[in-house]
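Student: Starting from these lines, generate the structure:
(2 chains)
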Amino acid sequence: MLSIKNLHASIEGTPILRGINLEVKAGEVHAIMGPNGSGKSTLASVLAGREEYEVTEGEVTFKGKDLLDLAPEDRAREGVFLAFQYPVEIPGVSSTNFLRTAVNQVREYRGLEPLDAVKFLSLMKEKMKLVEIDQKLLSRALNEGFSGGEKKRNEIFQMAMLEPTLSILDETDSGLDIDALKVVSNGVNQLKSADNATIVVTHYQRLLDYIVPDYVHVLYKGRIVKSGTKELALELEEKGYDWIKEEIDSAATV
Amino acid sequence: MSKDNEILEEFTSKEYEHGWSVNYEADEAAVGLNEDIIKWISAKKEEPSWLLEWRLKAFRTWQEMAEPDWANVTYPKIDFDKLRYYSAPKQSNKPKNLNEVDPELLAIYERLGISLNEQKRLQGIAVDAVLDSVSVATTFKGTLSKLGIIFCSFSEAVKEHPELVKKYLGSVVPMTDNYYAALNSAVFSDGSFCYIPKGVRCPMELSTYFRINAANTGQFERTLIVAEEESYVSYLEGCTAPQRDENQLHAAVVEIYAAAHAEVKYSTVQNWFPGDKNGKGGIYNFVTKRGICAGDHSKISWTQVETGSAVTWKYPSCILKGDYSIGEFYSVAVTNNYQQADTGTKMIHIGKNTKSRIVSKGISAGKSQNSYRGQVQVMKRADNARNFSQCDSLLMGDRCGAHTFPYIDINNPSAKVEHEATTSKIGEDQIFYCNQRGIATEDAVALIVNGYAKEVLNQLPMEFAVEAQKLLALTLEGSVG
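Tutor: This is a model prediction of the structure:
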């Protein structure tokens, strides 16, 4: 589904990603872990098409298409969803109105009729249960005055509404207490199917207790330096990142 | 970001939709301004002598006055002797009803999307259509007159209801009020007159649609709204003009009188030609709008959506004379390309327990300058006066400017005055967030801007609100920064 080959990206001339290789197949959950500043969020942003990042080398194909060639909105319409680490506030625009615009533009791209108000609202009702989100929250301005937990819950709710093929969760666990973490993870797990895939970007192993990954990759200095199964995450939890840093840094100086 | 600037350029090249003009045979005054011209206009309109005297007095005062220069706008000096002060489509006979109006004139309004055909209008909105210097048609007069409501062109009011015109003309905006008001008082041609008798709730929106067509001609209309005790009216005003290379002057005066327990809601969607993307042409919109809450418990509410004009100078104001009277001002002013807007309001608290509310939302894009100028004055005997002002500015791109000039003058210690102001930019983050959910950039901008202006748009009557939303999106299409 997603194939990343030798991806290099920089911001304002500073290289952040230095040759990422990753294959993600339908039905899989991949966790990207790593110390702060290793390039985890950059990878998520580059895949979603954030302009500040310049791709200097490499290629990314998504469902056979050149992902890097697509505008951010077209990537979304093709089925790439990014759950933001820091969702922005849009004053005066209700979540409902925002999502209706989004859902209908995605549908239009896919050659589907727009949903009328009745159908849209019943779809919303159905998806609201998944993340236990309150209707009141959705009639308020998007993310405005939402607590950290409410924002993250709203991200997963949007994900449920847009039914992406590839979901990228960027530090979705940050700022969540354990109850909210369970609700959010539960939502993500229910949305999982044999046809879609998930990339979970996280610093901590905690989230992976709830969203169990098939593969764990460790990102350090812009490269994937270690890959394994969920046991690797447990090892990192126990030993921290230092041993990997030492391993890599000493190898580099040789 | 260079890409943002590209999108910005692309957007700012958006064409003005109402830029066409029509050739019709016109009845025009000679170019220039002097007492003979004023006499000619007055004679043309078969006015009584008191009105001619009034005009001449205004003209003589105007000649002594200097053009104001305190507004945050710059434009070349206007040569008032090179303008034409009256231009009217020739009609063989004065039409008595819509069927007698020249179909060509009706077609002009059809093209603007304003049908003057009563049967065709879905919603109950009575329209007075003003083309250049004269009113060409007023709809639903019959229905309204059954309730005692007078809604007609200003010229007609002078003929049919001289006592009302004489009583209220200049009572809210004196002829000597300011430079442009004095000029208007001297040369005003037409406009709308509206009178709501005691205890009557006007059952439909009243609306005037102004259109400048002729070249080199100024439009100087005058609107007078009188709401007697316990009456209610909602009034709408819309304006467009052809796209011309030279600047055209529009200097209007609007006066509103509200007696005890009366309520007047005045909404404007102003879309005069703003000039092209290089700042060539466009309307100079120098307007004086003022209402007086003369009676206790009266209320006047101004709502404006300002998207057009090259230069705007406009401060719809309320004099809160009656005790417990309420003044409101809701404004969205959008400037793009080289547009300049200096707009705001004045709330003058005279009566006890008076309240005012100001919500101003400025949106600047391109190389435009957008200023809010507001005055809140609380007089000595205005016990317990309350004011709340909110002035927000939204910037798009990095070459425009937003300015706020609040003046507060309090002479009574019991007054409570609050002022809040914010300045924000449409963030790349917000746009990217929308993009990531599948929303195209232009739709994202429309969504964000309409959300920002929501509090004001909510004040507009339904049909107008939809039009205003589209207009906002259109004016700012592609303007991302």
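Student: Spatially nearest residue to the residue in chain A that chain B sits nearest to (excluding sequence neighbours)?
Tutor: Closest approach between chain A and chain B, counting by Cβ to the nearest Cβ: A:G92, at 3.0 Å. C-beta: built from backbone N, CA, C; applies to glycine. Using Cβ to Cβ, 6 or more residues apart in numbering or on different chains and skipping the chain neighbours, the partner closest in space to A:G92 is B:G451 (3.0 Å).
Student: Next to chain B, which bits of the stretch 151-254 of chain A? Give me the list.
Tutor: Where the stretch 151-254 of chain A comes near chain B, counting by Cβ under 8 Å from any Cβ of the partner chain, the residues are A:158, A:162.
Student: then the helix or strand encompassing B:E455 to PDB, C-alphas only?
Tutor: Per DSSP states H and E: B:E455 is located in helix B:454-457. Written as PDB, here are the backbone C-alpha positions of helix B:454-457 (Å, rounded to 0.1, in the frame of the first residue of the first chain):
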ATOM      1  CA  LYS B 454     -20.000  34.600  11.600                       C
ATOM      2  CA  GLU B 455     -21.100  36.800  14.500                       C
ATOM      3  CA  VAL B 456     -21.800  39.700  12.000                       C
ATOM      4  CA  LEU B 457     -23.200  37.500   9.200                       C
END
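Student: can you list the residues that contact the helix or strand just after that helix?
Tutor: Per DSSP H and E, the first helix or strand lying C-terminal to helix B:454-457 is helix B:462-475. Helix B:462-475 has contacts (Cβ atoms under 8 Å, 6 or more residues apart in numbering or on different chains) with B:14, B:17, B:123, B:125, B:205, B:236, B:267, B:269, B:271, B:305, B:307, B:332, B:334, B:336, B:363, B:442, B:445-446, B:449-450, B:453, B:457-458, B:460.
Student: for A:V184, helix, strand, or coil?
Tutor: Recorded secondary structure, A:V184: helix (DSSP: H, G, I helix; E, B strand; the rest coil).
Student: sorry, that was for A:M124
Tutor: At A:M124 the chain is in helix, as set by three-state DSSP.
Student: which stretches of the chain have low pLDDT?
Tutor: Answering for chain A, as no chain was given. A:253-254 (pLDDT under 70).
Student: wrong one, chain B
Tutor: Applying pLDDT under 70 to chain B flags the ranges B:1-26, B:89-126, B:131-137, B:212-216, B:239-246, B:463, B:477-481.
Student: longest helix anywhere in it?
Tutor: If you go by DSSP state H, chain B has its longest helix at helix B:49-64.
Student: What residues of stretch A:98-114 count as buried?
Tutor: For stretch A:98-114, burial by neighbour count (16 or more other Cβ atoms under 10 Å in any protein chain shown) applies to A:98-106.
Student: Filter those down to the ones in helices?
Tutor: Those of these lying in helices (DSSP H): A:98-106.
Student: Tabulate the residues you listed (a markdown table), appending distance to A:M159.
Tutor: Supplementary listing: those in a markdown table, determined by distance: Cβ to Cβ, whole Å:
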| residue | distance to A:M159 |
| --- | --- |
| A:F98 | 14 |
| A:L99 | 11 |
| A:R100 | 16 |
| A:T101 | 16 |
| A:A102 | 11 |
| A:V103 | 12 |
| A:N104 | 17 |
| A:Q105 | 16 |
| A:V106 | 12 |
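Student: one step back: is the residue of chain A closest to chain B in a helix, a strand, or coil?
Tutor: Here A:G92 is strand, with the state taken from three-state DSSP.
Student: Now do the contacts for it.
Tutor: A:141, B:450-455.
Student: Most neighbours among those, which one?
Tutor: The residue in these with the most neighbours, by other Cβ atoms under 10 Å in any protein chain shown, is B:A453 (26 neighbours).
Student: Does that residue touch B:I363 like I think?
Tutor: Yes - here B:A453 reaches B:I363: they are 7.3 Å apart, a contact under Cβ atoms under 8 Å.
Student: what sits in contact with each of the two?
Tutor: With Cβ under 8 Å, 6+ apart as the test, B:A453 and B:I363 both reach B:332, B:472.
Student: can you map out the strands along the stretch 151-300 of chain B?
Tutor: B:192-196, B:205-211, B:222-227, B:232-240, B:247-250, B:253-258, B:263-270, B:282-293, B:299-306 (DSSP state E, counting those that start in this stretch).
Student: meant to ask about the stretch 101-250 of chain A, not that
Tutor: Remark: strands assigned in the stretch 101-250 of chain A by DSSP E, counting those that start in this stretch are A:141-142, A:166-170, A:197-201, A:215-220, A:223-228.
Student: can you tell me which of those strands comes nearest to B:T217?
Tutor: strand A:141-142 (45.4 Å; Cβ to Cβ).
Student: which ones are touching residue 226?
Tutor: Because you didn't say which chain, this covers chain A. Counting by Cβ under 8 Å, 6+ apart, A:K226 touches A:217-218, A:232, A:244.
Student: sorry, should have said chain B
Tutor: B:V226 neighbours (Cβ under 8 Å, 6+ apart): B:164, B:168, B:194-196, B:256-257.
Student: The contacts of A:K226 into TSV, with extra columns for neighbour count?
Tutor: Shown next, in TSV, are those (neighbours: other Cβ atoms under 10 Å in any protein chain shown):
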residue	neighbour count
A:H217	22
A:V218	25
A:L232	21
A:I244	20
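Student: Could you state which residue of the chain sits nearest its centroid?
Tutor: Here I'm looking at chain A. Of all residues in chain A, the one closest to the mean position by Cα atoms, centre = their mean is A:I168, 1.8 Å from it.
Student: hey, what's it bridged with?
Tutor: In this structure, A:I168 bridges to A:L82, A:I199 when assessed by DSSP bridges.
Student: That one and B:K45, how far apart?
Tutor: A:I168 sits 71 Å away from B:K45, taking Cβ to Cβ, to the nearest Å as the criterion.
Student: likewise B:H349?
Tutor: As judged by Cβ to Cβ, B:H349 and B:K45 stand 38 Å apart.
Student: Check A:G222 too.
Tutor: Plainly put, A:G222 is 79 Å away from B:K45 if you go by Cβ to Cβ.
Student: Repeat that for B:W70.
Tutor: For B:W70, the distance to B:K45 equals 34 Å [Cβ to Cβ].
Student: Kindly report the same for B:M204.
Tutor: 28 Å.
Student: Just the buried ones from the contacts of helix B:462-475?
Tutor: B:14, B:125, B:205, B:236, B:267, B:269, B:271, B:305, B:307, B:332, B:334, B:336, B:363, B:442, B:445-446, B:449-450, B:453, B:457, B:460.
Student: Quick check: chain neighbours aside, which residue is closest to A:E171?
Tutor: Of all residues not flanking A:E171 in the chain, A:Q85 sits nearest, at 4.3 Å (Cβ to Cβ, 6+ apart).
Student: What helix or strand is the residue in the stretch 351-481 of chain B positioned nearest to chain A located in?
Tutor: Going by Cβ to the nearest Cβ, chain A is nearest to B:G451 of the stretch 351-481 of chain B, at 3.0 Å. Per DSSP H and E: B:G451 is located in helix B:441-452.
Student: can you tell me which residues contact the nearest residue in space to A:L142 that is not next to it in sequence?
Tutor: Spatially, and ignoring its direct neighbours in sequence, A:L142 is nearest to A:I90 (4.3 Å; Cβ to Cβ, 6+ apart). Residues in contact with A:I90 (Cβ under 8 Å, 6+ apart) are A:98, A:141-144, B:430, B:433-434, B:447-448, B:451.
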